[in-house]
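Asker: The following block contains a protein sequence and its predicted model.
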Amino acid sequence: MSDYWKNHYDANAEKFADSPLKQVDRTINGEEMSQAQLDLTIDAVVQALDLQRGDRLVDLCCGNGLITEAIARQVEKIVGVDFSEKLVEFARQSNSAPNIEYVVSDVSKLPSDFFGEANKVYMRDSVSCLNSEGLSRLFRLIGGAAHFEKLYIAGVPDADKLAVYYDDDEKMAFYRQREAMGKPHIGTWWTEEEIRKLIEAAGLQVSFYAQHRELASAYYRFDCVIERARPASQPDSGA
Ligand SMILES: C[S@@+](CC[C@H](N)C(=O)[O-])C[C@H]1O[C@@H](n2cnc3c(N)ncnc32)[C@H](O)[C@@H]1O
């Protein structure tokens, strides 16, 4: 599946060279999303991670750096990572800053020391491109990083809302046809339980959140914040 998405986003980078929003599928009914929607998208990262000046972040699946650049203004350092060379090339040219580093890599194949410096990590509207194996490896790597505090996964397509999104026979047939062709429309749809299982297996804990109600994707996507699992409370000493 990852070749499929890499090819899709490399092609998008060239096809929509004059539309950074379209390059990363930030569209609503085929049109570029509004600045208000983009602002809500960026604000959600700031709020969910409770960003502070001294934070060192990783932006997983950063695309063309549209969000990375906005977030970088509020923190000490940010590393954006994406496997589309073409989007990363655009990011380096158009969305750079002294505190941003862009890395070309598949996020499910990052080296074990990749999160060494980072205390907060986010993945915005990209988890649908991953499968359980890749996501599980990522959770373990992040959970094992020395400074890790919070991971925000935003925009998870909710498997329980599949029929709300593809809400008539024609749309559902389109979804099924794309899946059968190995050319998914949106990618992996996740239930909260599937996500929770992978997270808990990595020794982490998760809280699920509805998206801001004015976000156009709120009716079929959810967000989650992941932290280290708190140790079970000590038994009462009886004193
Ligand atoms: C919908 S775009 C979102 C980009 C950006 N996060 C944003 O919110 O604007 C999805 C991005 O995920 C990247 N991507 C998908 N699977 C990936 C993987 N396994 N490793 C690295 N990048 C990946 C794509 O290249 C693309 O840039």
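Answerer: Okay, I see it.

Asker: alpha carbons only for contacts and neighbour counts from here, please
Answerer: Will do.

Asker: Okay, and the most centrally placed residue in the chain sits in which element?
Answerer: Centroid check for the chain by CA atoms, centre = their mean gives Met123 as the closest residue, at 2.3 Å. Met123 is part of strand 120-124 when elements are defined by DSSP states H and E.

Asker: so how far is the ligand from Ala210?
Answerer: Computed as CA to the nearest ligand atom, to the nearest Å, the Ala210 to the ligand distance reads 17 Å.

Asker: For the chain, which segments are assigned as helices?
Answerer: 2-15, 20-23, 35-48, 66-72, 85-94, 132-143, 162-165, 169-180, 192-201 (DSSP state H).

Asker: Just send the ones you listed back as CSV, with mean neighbour count, mean pLDDT and distance to the ligand too.
Answerer: Compiled in CSV, the helices of the chain are given as follows (neighbours: other CA atoms under 10 Å; pLDDT from 0 to 100; distance: least, CA to the nearest ligand atom, whole Å):
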stretch, mean neighbour count, mean pLDDT, distance to the ligand
helix 2-15, 16, 95, 5
helix 20-23, 21, 98, 8
helix 35-48, 15, 98, 8
helix 66-72, 21, 98, 6
helix 85-94, 20, 98, 7
helix 132-143, 19, 96, 8
helix 162-165, 15, 98, 17
helix 169-180, 13, 97, 17
helix 192-201, 16, 97, 17
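
Asker: any chance of those helices in a markdown table, with distance to Val79 too?
Answerer: Conversion of these to a markdown table gives the following (distance: least, CA to CA, whole Å):
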| stretch | distance to Val79 |
| --- | --- |
| helix 2-15 | 19 |
| helix 20-23 | 19 |
| helix 35-48 | 15 |
| helix 66-72 | 8 |
| helix 85-94 | 12 |
| helix 132-143 | 14 |
| helix 162-165 | 33 |
| helix 169-180 | 32 |
| helix 192-201 | 23 |
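
Asker: roughly how far out does the strand holding Met123 sit from the chain middle?
Answerer: Here the centre of strand 120-124 is set off from its chain's centre by 6 Å, with CA atoms, centre = their mean, to the nearest Å.

Asker: Who does it pair with, and is each partner parallel or antiparallel?
Answerer: strand 56-60 (parallel), strand 150-157 (parallel) (DSSP bridges).

Asker: Next, format these as CSV and append distance to Ala44.
Answerer: Putting the strands paired with strand 120-124 into CSV (distance: least, CA to CA, whole Å) gives the following:
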stretch, distance to Ala44
strand 56-60, 14
strand 150-157, 8
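
Asker: Of all these, which one is nearest the ligand?
Answerer: strand 56-60 (6.9 Å; CA to the nearest ligand atom).

Asker: Going by neighbour count, list what's buried in that closest one.
Answerer: Using 16 or more other CA atoms under 10 Å as the test for burial, strand 56-60 gives Arg56, Leu57, Val58, Asp59, Leu60.

Asker: so who does the last one touch?
Answerer: Translated: Leu60. Listed by CA atoms under 8 Å, 6 or more residues apart in numbering, the contact partners of Leu60 are Gly80, Val81, Asp82, Val107, Val121, Tyr122, Met123, Arg124.

Asker: These: which two are farthest apart?
Answerer: Largest separation among the contacts of Leu60 by CA to CA: Asp82 and Val121, giving 13.7 Å.

Asker: higher neighbour count, the two?
Answerer: Val121 (26 against 22; other CA atoms under 10 Å).

Asker: Relative to the ligand, how far out is the more buried one?
Answerer: The value you get for Val121 to the ligand, if CA to the nearest ligand atom is used, is 12 Å.
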